[in-house]
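K.L.:
fold the stuff below for me.
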Amino acid sequence: MWLPWMATQLFSRQNWLVVGTLVLSISPVVCMTCYAIAALITVGKFPWKHRGREQWAIMLWIAVIMIGLGLRKVQPEIIQPGGVALSDYLPFFPFFFCLSLRPFTVSEIKGFCYAVMLTTPQQLLLAIGENYGHWYGRFHWLGESTALIDGYIGPVEAGLSTSAGFFNPNILAGYCIFSAGLALTLWISSSQPKYALTWNNGLVVLGLFCSVGLLLWSGSQNGLMGFVVMVLLFIWIAGQMKINRILLLGSALGLGLFLLAQSSLRPLLALALPPRLFSLSGSLVSSFEERRPFYACATQLIEQYPLIGVGIGRFSSECYRRVGWHMAHAHNLLLQLGAEVGLPLTFLMVGFMGYVLYQSGSYFCQPTQVRETSIERSLTHLGLGLLAVSGVLLLMQGLDLALLMSYRLNFLFWIGLAIPYSLAIQPPPSAQR
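P.N.:
Now for the predicted structure:
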């Protein structure tokens, strides 16, 4: 009697995604292993005899990208914070493909989202220890380079803001955007009363407040702008779906973000606008000016090597040779790709992500799409929410490369992208739970 139950649990994609997410803060090795097993389980359960043209086209597209990336590797792999290596790109395209082969159910999506909520108090604890307990540096147990328990508290470079367990404040901000977005996704998809005191609602609010607090603590302007864009997207989604529960929560947190980020309010002309809004625009201009040499060097490399780039991993050394600065990366995804792998492969990679976003968005935003059952409506809300989060994270890569700097954040992004895409290309039956 126990064996069938154990076999069911072992071959459950949801269980592996949940377990991998729960240990995200303390064991990257276990986290990524669990995610890989979840992808393999999906492949094993996919009816390959009934695969369609979509699967074949995506498989071929990914194969061309992976071959191109492999050919543009020109020096030994160096895994270090800040640098970009082949392994920062290569595993995630097939991981996305494998996960998207079978549509996700409501319980699978919510299980993953609630697991992410449970990681936010862990990161908040690390941030508190970093700021008040003088916790700093690497801690590990049972191993050295690939320890079973492994973490790093604080930034890898002195002088940076709060980073918790993500090496860099911009990476922490990316994680906060993802976790806050999933909290809002759960909020709009919940069938429970708005003011019901339930564990689920409490966990969502806890995750949201932890995420916003960590985002403020990180001091990331890129993250702040991403959060504002994301809240506006969720308000739009709520309006399209005739949902009111998000308006109060999302608007209140958006306003609270500005209020908490400033020391006082002062009127501006006739409008009582927070000065943080204007200091934010000034800091963005300042950030652009500081990164102008990075953009200029990347542009030079693209002009000199438009077809094949300088090769993955050579951006830093090439820019140092040209301008005498240590530049780990270009702080812009398009420029980084164009400089390292050339424009043709860049168009293929960006086109792939654009196609996935378009396919998913066109399915969930169809005005003629009728979703009569509560399960279909829940899947729509969950899919749209995850699509919005993934889009904002991708948009943020125009000012930084947080996704490429953290395998854990990269995996979260591709899971968030695979879920709505799997629903869009293979809409599950309404009875699926």
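
K.L.:
what segments of this protein are strands?
P.N.:
Counting by DSSP state E, the segments of the chain that form strands are 137-141, 149-153.

K.L.:
and the gap between the nearest residue to residue 36 once chain neighbours are set aside and residue 33?
P.N.:
Nearest non-adjacent residue to residue 36, counting by C-beta to C-beta, 6 or more residues apart in numbering: residue 95, 7.4 Å away. C-beta coordinates here come from the backbone N, C-alpha and C atoms, glycine included. Taking C-beta to C-beta, to the nearest Å as the measure, residue 95 falls 12 Å from residue 33.

K.L.:
same question, residue 402
P.N.:
Spatial separation of residue 402 from residue 33 under the definition C-beta to C-beta is 23 Å.

K.L.:
compare neighbour counts for those two and give me the winner.
P.N.:
residue 402 (29 against 15; other C-beta atoms under 10 Å).

K.L.:
ok, the more buried one touching residue 408?
P.N.:
No. Under the criterion of C-beta atoms under 8 Å, residue 402 makes no contact with residue 408, lying 11.0 Å away.

K.L.:
residue ranges in the stretch 151-300 of the chain under the pLDDT threshold?
P.N.:
Residues of the stretch 151-300 of the chain meeting the criterion pLDDT under 70: 158-159, 191-197, 240-290.

K.L.:
ranges for the helices of it?
P.N.:
All helices of the stretch 151-300 of the chain, identified by DSSP state H, counting those that start in this stretch, fall at 169-189, 199-218, 221-240, 245-260, 275-304.

K.L.:
mind checking how far residue 215 is from residue 164?
P.N.:
With the distance defined as C-beta to C-beta, residue 215 ends up 11 Å from residue 164.

K.L.:
ok, the two, which is more surrounded?
P.N.:
Higher neighbour count among residue 215 and residue 164: residue 164, with 31 against 27, using other C-beta under 10 Å.

K.L.:
correct me, but the more buried one touches residue 121?
P.N.:
No. Here residue 164 does not reach residue 121: they are 11.2 Å apart, not a contact under C-beta under 8 Å.

K.L.:
in the stretch 1-150 of the chain, which spans are helices?
P.N.:
The residue ranges that make up the helices of the stretch 1-150 of the chain, judged by DSSP H, counting those that start in this stretch, are 2-10, 13-22, 28-45, 53-71, 92-99, 106-132.

K.L.:
so which of these is nearest residue 204?
P.N.:
Nearest to residue 204 among the helices of the stretch 1-150 of the chain is helix 106-132; the distance by C-beta to C-beta comes to 6.5 Å.

K.L.:
now the common contact residues for residue 215 and residue 164.
P.N.:
Both residue 215 and residue 164 are contacted by residue 172, under the criterion C-beta atoms under 8 Å, 6 or more residues apart in numbering.

K.L.:
list the buried residues of stretch 152-168.
P.N.:
Of the residues in stretch 152-168, those with enough neighbours to count as buried (16 or more other C-beta atoms under 10 Å) are 152-155, 160, 162-168.

K.L.:
what does stretch 386-402 give?
P.N.:
In terms of neighbour count (16+ other C-beta under 10 Å), stretch 386-402 has its buried residues at 386-397, 399-402.

K.L.:
same question for stretch 12-32.
P.N.:
When neighbours are counted by 16+ other C-beta under 10 Å, the buried residues of stretch 12-32 are found to be 13-32.

K.L.:
which other residues reach that stretch?
P.N.:
Contacts made with stretch 12-32 from outside it, assessed by C-beta under 8 Å, 6+ apart, are listed as 9, 33-35, 37-38, 41-42, 45, 102, 105, 107-108, 111-112, 115-116, 118-119, 122-123, 126, 146-151, 165, 407-408, 411-412, 415.

K.L.:
I am finished for the moment; much appreciated.
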